[in-house]
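Engineer: missing the sequence, but the structure's below:
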């Protein structure tokens, strides 16, 4: 590749959207027009470069985030193409955690869809500036204005139309650039590589002038000079307007909106121009913040090679040729292959055996990395998702990456007992790679249970076990991943007093549990403890509590949403040991949970069903039979949309049932909403 551009000429972006909005199709065109690939890959043909996994090619969906890089207008653009299916939302989460900007793709027919909202809110969480691309303008029912309005109504965004679609005889032909008031038409014979700017037809001048005035007013809000020139009726330089819009975009005050048809090769190059013009370089963002692991004081690092090296591991991937790949976002400094770094959270030394610039599943070896780079490293033994790597002696701990809890489980076993060790190895590697994939052993049956974000997630995992690891496996029926919590305050006293060898182990731990709100997580409160209690003792108790919460008192399900208060009556005795504290804390916790009126919780899913008018009644009736709670209904222009929350235990087999009652014409999406108590009669059945 060419010489590295400066950090200011680097863009780290993600392509994000609802499933089937055209993210990968857009990325394939970007690679073609930037000269990275010489043939356009198609998702429906299984030839898309970014969908390199066999499971992706067969299903025509993106499963894992794929990284690539290209150059445009002097800028190096690092791109991550993210999945759209809700089962793989962790791939989006960890990508947005390390990206500087994003392109949100919307289906012009369907508008803002459920997973579009999810990824938008994920981007809000990390304050990621965005531009939007309204795709599929060539489809029947495409409506640019409605999609822009849905961005306002559903996302709370402030979209600014940079382009307006241009039609001739109801056929999408090109776009109108609102800023320059030019009509852009693409040459179909060159697969969209060639395009030209023309003067506007008189018939659309009025509507374009309205859009242009709004664009000028928006830019004037961020530049007083533009305001003065605009009010005086004078011409404003395009570069000045772009500078104002860039300032607004970086502040997340506006979202520039573009349109086109990636599949028809129209509208892609202006999106690339917008990435360069409006999305941030690493230098445009505030310094990254972390904690000094020794003093716990806040430390900042600028995107500068003169700063100490700091990077975040945001993804682990098993590669059949290179072994374990650790994807890194480098925030500061510069480092070469072979150098040692410190894994701050695990307090381990690591060494970069190889550094790779990735293009989907292809690799290019590089000799060094620096601030702003997104690369993969080979040779890291201890590093997992969310770990911070730093220059030894100059450590900081960056914010990690939260993984959502799995909601569905299945039992798995090898078909041949000789493959048991291979299965265990495969599960270890896959769970290390994917934080939302969890492996447990059922204490009562001894079965191996694997848990994930949905049926498709686990289906892909099992398929990978068979193909990548060569283990033929039997799997059971899907099970709901229940949780446990308490409904009232409970108290417990744990006492451990035993002599082991010549050592007396003595500890008394009193504690209380209080119910928390849904989604509040676990809080361990030590405010009441005397300062005479050693920090080591408190850490031992916390460690014991955290471990014990993985198995509740009702049926061994993980415990969630409660506050645990270690009471002030706790004392430090000469014979107190770490072992004694851990055992006493475990005893106290189980006693407190039992006295807190524990209940079983089940995952409730947020479901959106899109169904033709003639099947609306049947679809609603089926959802009612599944104990669904209808939250809203409306039309998306071509069909009826039902928004409903349903217990996950009622949704198994829904795909087949919906297909049957609607003659295969309805679609649905489902994502986790919250946990709520299981009805008493159902809970009694589950608990036996």
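Structural biologist: Cool, got the structure. The model shown is predicted, which means the values in this text are computed figures rather than measured ones.

Engineer: for the rest of this, base every contact and every neighbour count on C-alpha atoms.
Structural biologist: Noted.

Engineer: who touches stretch 317-336?
Structural biologist: Applying Cα atoms under 8 Å, 6 or more residues apart in numbering, the external contacts of stretch 317-336 come out as 98, 288, 301-316, 352, 367-380, 383-384, 429, 433.

Engineer: filter those residues down to the ones in strands?
Structural biologist: Secondary structure from DSSP state E places 288, 301, 310-316, 368-370, 374-378 of those in strands.

Engineer: what distance do you get for the closest residue to residue 136 other than its chain neighbours to residue 512?
Structural biologist: Distance criterion Cα to Cα, 6 or more residues apart in numbering; nearest residue to residue 136, sequence neighbours excluded, is residue 261 at 4.6 Å. Distance of residue 261 to residue 512, given as Cα to Cα, to the nearest Å: 59 Å.

Engineer: again, but for residue 130
Structural biologist: 46 Å.

Engineer: kindly report the same for residue 223.
Structural biologist: Using Cα to Cα, residue 223 is found at 57 Å from residue 512.

Engineer: looking at those two, which is more packed in?
Structural biologist: Shown here are residue 223 and residue 512; by other Cα atoms under 10 Å, residue 512 has more neighbours (22 against 18).

Engineer: quick check: phi and psi at that one.
Structural biologist: Backbone geometry at residue 512, expressed as degrees, to the nearest 10, gives phi -130, psi 150.

Engineer: what is the burial count for residue 564?
Structural biologist: Residue 564 is flanked by 25 other residues according to other Cα under 10 Å.

Engineer: how about the contacts made by it?
Structural biologist: Contacts of residue 564 by Cα under 8 Å, 6+ apart are 511-514, 522-525.

Engineer: that one belongs to a helix, doesn't it?
Structural biologist: No. With DSSP: H, G, I helix; E, B strand; the rest coil as the criterion, residue 564 is assigned strand and is not in a helix.

Engineer: how close does it sit to residue 139?
Structural biologist: 55 Å.

Engineer: just residue 558 next, same as before
Structural biologist: 47 Å.

Engineer: quick one, which of the two is more surrounded?
Structural biologist: residue 558 (19 against 14).

Engineer: pretty sure that one is touching residue 522, no?
Structural biologist: No. In terms of Cα atoms under 8 Å, residue 558 does not count as a neighbour of residue 522; the distance is 11.2 Å.

Engineer: may I ask which helix or strand of this protein has the lowest mean pLDDT?
Structural biologist: The weakest-scoring helix or strand in the chain, judged by mean pLDDT, DSSP states H and E, is helix 54-59 (a mean of 58).

Engineer: what about the closest residue to residue 374 other than its chain neighbours, which SS state?
Structural biologist: In space, and not counting its chain neighbours, residue 374 is closest to residue 329: 4.7 Å by Cα to Cα, 6+ apart. At residue 329, secondary structure determined by three-state DSSP is strand.

Engineer: heads up, I number from 47, so please use that
Structural biologist: Sure, I'll start numbering at 47, so the last one becomes residue 375.

Engineer: helices of the stretch 447-596 of the chain, start to end?
Structural biologist: 466-479, 501-514, 581-594 (DSSP state H, counting those that start in this stretch).

Engineer: dump these to TSV, plus mean neighbour count and mean pLDDT.
Structural biologist: Converted to TSV, these look like this (neighbours: other Cα atoms under 10 Å; pLDDT from 0 to 100):
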stretch	mean neighbour count	mean pLDDT
helix 466-479	17	90
helix 501-514	17	87
helix 581-594	17	90
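
Engineer: turn these into TSV, columns for distance to residue 154.
Structural biologist: Formatted as TSV, these follow (distance: least, Cα to Cα, whole Å):
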stretch	distance to residue 154
helix 466-479	35
helix 501-514	26
helix 581-594	47
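
Engineer: those helices: which one's closest to residue 199?
Structural biologist: helix 501-514 (30.6 Å; Cα to Cα).

Engineer: specify the angle between the closest one and helix 466-479 in degrees.
Structural biologist: Angle, helix 501-514 to helix 466-479, by axes from the mean of the first three to the mean of the last three Cα atoms, to 10 degrees: 130 degrees.

Engineer: quick check, distance from helix 501-514 to the centre of its chain.
Structural biologist: Mean-position distance between helix 501-514 and its chain equals 20 Å (Cα atoms, centre = their mean, to the nearest Å).

Engineer: cool, stretch 724-733 as well?
Structural biologist: Put simply, stretch 724-733 sits 33 Å off its chain's centre (Cα atoms, centre = their mean).

Engineer: can you map out the strands along the stretch 597-734 of the chain?
Structural biologist: For the stretch 597-734 of the chain, applying DSSP state E, counting those that start in this stretch gives strands covering 608-612, 644-657, 675-681, 686-693, 713-723.

Engineer: you'd agree residue 733 is up against residue 601?
Structural biologist: Yes. Residue 733 is within contact range of residue 601, at 6.6 Å (criterion: Cα under 8 Å).
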